[in-house]
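**Q** The sequence and its predicted three-dimensional model are supplied below.
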Amino acid sequence: VRDLGRVAARPRAVPARVPVTVGGRNRWVTLTEDRFAQLVYSSASAAVGAVPSEVPAVGRLPRALRGAARGDDRELVALMGKIMSGDLAAYEGMDMGIAATVSCNDYPRPWPVEASLAERRHRFERAVRQAGSGEFGAFSPLGFARAQADAGDYCLRWPAKGTGRPYVSTGRFPDVPVLVLNGDLDGVTAEANGRKAAAQFPQGVFVPVPNVGHVAEFEPSGCVAGLVTAFLRDGRTGDTSCLAAIPPVKVLG
C-alpha cells in the first residue's frame, strides 16, 4: 500500500505514456491518476480466480509497484499496458449508450438532473473539494472520483436536458429468498456493498466467495455455480463447504 501511494503520486503530477495494443494495432495511451486508479482497483480485480493456475493482474501488482516505487517502472508500465489493452478490446463491443442509461438514471449524483452542464460541473467539483484528503487511500479525491467507470463525472453530459430521473428506492423489498454472492477480491462491487444489498431483504442470504474477484461465478470448480443452482431450486444454498477449497490467488514475489 505504501508503494501504491508513492507510485500514484507520479501520474497525478506528470501523466505517463503507456503502449497498448488493440485489434492488432499499437498505440499510446496517457496514464493519468484517474486512469491508473481505475486499472488498479477495478480492472485488476476482474475475473480474478477464473484461471487458478495463472497469475492474475492483481497478483502481479505488488511486485510491479515495488519496483516502480524504487525507480524501475518497466514491469508496471508493461502490466498497465496489458490491462488497458484488454479493457479497450472489451469496450469495443459494448453498447455504452445502454450503460449510460443505467448508470445515469439509477446511481446517485451530486447534482439535480435538471441542472445545466455548468451547474453539474460546479456541484461535482464542490463535492470533490468537500471530500477528505485521506478518504480514498493512495489516490486524491479528484483522481478517484474520475476513476469511476460508471459514476464520478461520467454522467455530467447525460442526460443532456435532464429528462431522466434517478430511481428512488422505497426501502420496502419483497419477502422472498434472495442470494447475494461477492468475491472477496472484487474491487468493483465491494463485499461491504454486497452485505448491504442482502440486508435489505427479509430473506437475504449473503455468501462471500474467497479468492475471486468481480463476478464470482467465473470461479471454475463449479462450487459457486452449484450454490446458485441449489438456491434457485430450493431457496437455500445448501452445503457451502466447497468454498474453502477455492485456491488462493497466485502472487509474484
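**A** That came through fine.
**Q** Run through who's touching stretch 88-98.
**A** Residues from elsewhere that reach stretch 88-98 (C-beta atoms under 8 Å, 6 or more residues apart in numbering): Val20, Val22, Gly23. C-beta here means a position set from N, CA and C on the backbone, and glycine is covered the same way.
**Q** Could you do stretch 135-142 as well?
**A** With contact meaning C-beta under 8 Å, 6+ apart, stretch 135-142 is reached by 1, 4-5, 7-8, 12, 33-34, 37, 128-129, 131-133, 143-144, 147.
**Q** Now that stretch: buried residues?
**A** The neighbour-count check on stretch 135-142 (16 or more other C-beta atoms under 10 Å) flags Phe136, Ala138, Phe139, Ser140, Pro141, Leu142 as buried.
**Q** so how far is it from its chain's centroid?
**A** 15 Å (C-alpha atoms, centre = their mean, to the nearest Å).
**Q** send the alpha carbons of that stretch over as PDB?
**A** C-alpha atoms of stretch 135-142 as PDB (Å, rounded to 0.1, in the frame of the first residue of the first chain):
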ATOM      1  CA  GLU A 135     -10.700   9.200   2.100                       C
ATOM      2  CA  PHE A 136      -9.600   7.400  -1.000                       C
ATOM      3  CA  GLY A 137      -6.400   5.700   0.200                       C
ATOM      4  CA  ALA A 138      -3.500   6.300  -2.200                       C
ATOM      5  CA  PHE A 139      -5.500   8.500  -4.500                       C
ATOM      6  CA  SER A 140      -6.600  12.100  -4.400                       C
ATOM      7  CA  PRO A 141     -10.400  12.700  -4.200                       C
ATOM      8  CA  LEU A 142     -10.500  14.000  -7.800                       C
END
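**Q** In the protein, mark out all the strands, start to finish.
**A** Assigned by DSSP state E, the chain shows strands spanning 16-22, 25-31, 177-183, 203-209.
**Q** most packed of the ones you listed?
**A** Mean neighbours per residue, mean count of other C-beta atoms under 10 Å, is largest over those for strand 177-183, with a mean of 21.
**Q** Pairing partners for that one, with directions?
**A** Strand pairing for strand 177-183, determined by DSSP bridges: strand 203-209 (parallel).
**Q** Now tell me what touches the strand it pairs with from outside.
**A** Strand 203-209 is contacted from outside by 175-184, 191, 194-195, 197-199, 216, 219, 224, 227, 231, 235-237, 240, 243, 246, using C-beta under 8 Å, 6+ apart.
**Q** how far does that strand sit from the chain's center?
**A** 20 Å.
**Q** Quick check: mean pLDDT of stretch 28-39?
**A** Averaged across stretch 28-39, the pLDDT comes to 92.
**Q** Same check on stretch 233-242?
**A** pLDDT averaged over stretch 233-242 gives 93.
**Q** Please save the CA atoms from it in CSV.
**A** Once non-C-alpha atoms are left out, stretch 233-242 reads as follows in CSV (Å, rounded to 0.1, in the frame of the first residue of the first chain):
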residue,chain,number,x,y,z
ARG,A,233,-34.1,-25.0,-6.8
ASP,A,234,-34.7,-25.0,-3.1
GLY,A,235,-34.4,-21.4,-1.9
ARG,A,236,-31.3,-22.4,0.1
THR,A,237,-27.6,-22.6,-0.8
GLY,A,238,-27.1,-26.0,0.9
ASP,A,239,-23.6,-27.1,1.8
THR,A,240,-21.1,-24.3,1.3
SER,A,241,-18.0,-26.2,2.4
CYS,A,242,-16.7,-26.3,-1.2
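**Q** Pull out the buried residues from that stretch.
**A** Thr237.
**Q** That one: how far from the chain's middle?
**A** For stretch 233-242, the distance to the chain centre is 28 Å (C-alpha atoms, centre = their mean).
**Q** same question, stretch 31-46
**A** Computed by C-alpha atoms, centre = their mean, the chain-centroid distance of stretch 31-46 equals 8 Å.
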